[in-house]
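**Student:** pasting a predicted model and its sequence here:
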Amino acid sequence: MSKFDEKVAQYSKFMDGKGLNYDADLFRAVTKGLGPSIYKRDAETVSGSDAKELATVKKNFLMKKLGLAEGPKLDEAIAKVVEAIGKSERSKYRAVVYYMLAVEFGKESIYK
């Protein structure tokens, strides 16, 4: 199993443990889109309580990658995803957060 496959399996197990439904092919594509960041401990996770980190998710992923316009819906979606994963969960994997946000905004086509 490649290191990439190991990471996908790790994140999939995490989602299964949280009872989150997901499309395995789409999830794999979102994870692949993160590139080498998934192999760096600090970069592979998102801090749900760090305003600067959440602003980066909004700017770099939601606005740049998904092409969404600035607005309160972006912050609401991020809060919804953090809540679904669990505010107390220390390891909010970036691949999981990005996958859930892409689905939330119906932007799956970007990864197909």
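**Tutor:** Thanks, I have the structure now.
**Student:** any idea how far Met63 is from Ser37?
**Tutor:** 18 Å (C-beta to C-beta, to the nearest Å). Placement of C-beta: from N, CA and C, glycine included.
**Student:** not counting its neighbours along the chain, what's nearest Tyr22?
**Tutor:** In space, and not counting its chain neighbours, Tyr22 is closest to Met15: 5.5 Å by C-beta to C-beta, 6 or more residues apart in numbering.
**Student:** for that neighbour, helix, strand, or coil?
**Tutor:** helix (DSSP: H, G, I helix; E, B strand; the rest coil).
**Student:** can you pull the contacts of it?
**Tutor:** Residues in contact with Met15 (C-beta atoms under 8 Å, 6 or more residues apart in numbering) are 22, 27, 96.
**Student:** the second one reaches Ser12, doesn't it?
**Tutor:** Yes - with contact defined as C-beta atoms under 8 Å, Phe27 counts as touching Ser12 (6.9 Å).
**Student:** of these two, which one has the most company?
**Tutor:** Set Phe27 next to Ser12 and count neighbours by other C-beta atoms under 10 Å: Phe27 wins out with 23 against 18.
**Student:** what's the nearest residue to that one if we skip its chain neighbours?
**Tutor:** Tyr99 (5.1 Å).
**Student:** the one you found looks like it's in a helix, true?
**Tutor:** Yes - membership of Tyr99 in a helix is supported by three-state DSSP.
**Student:** tell me how many other residues surround it.
**Tutor:** 26.
**Student:** the one 10 residues further on now?
**Tutor:** In terms of burial, Ser109 registers 8 neighbours under the definition other C-beta under 10 Å.
**Student:** how far away is it from Phe14?
**Tutor:** On the measure of C-beta to C-beta, Ser109 and Phe14 end up 25 Å apart.
**Student:** and the helices in the chain, which stretches?
**Tutor:** With DSSP state H, the ranges of helices along the chain come out as 3-17, 24-33, 51-56, 72-85, 94-104.
**Student:** quick one: closest of these to Thr45.
**Tutor:** helix 94-104 (6.2 Å; C-beta to C-beta).
**Student:** what angle sits between that closest one and helix 72-85?
**Tutor:** Calculated by axes from the mean of the first three to the mean of the last three C-alpha atoms, to 10 degrees, helix 94-104 forms an angle of 130 degrees with helix 72-85.
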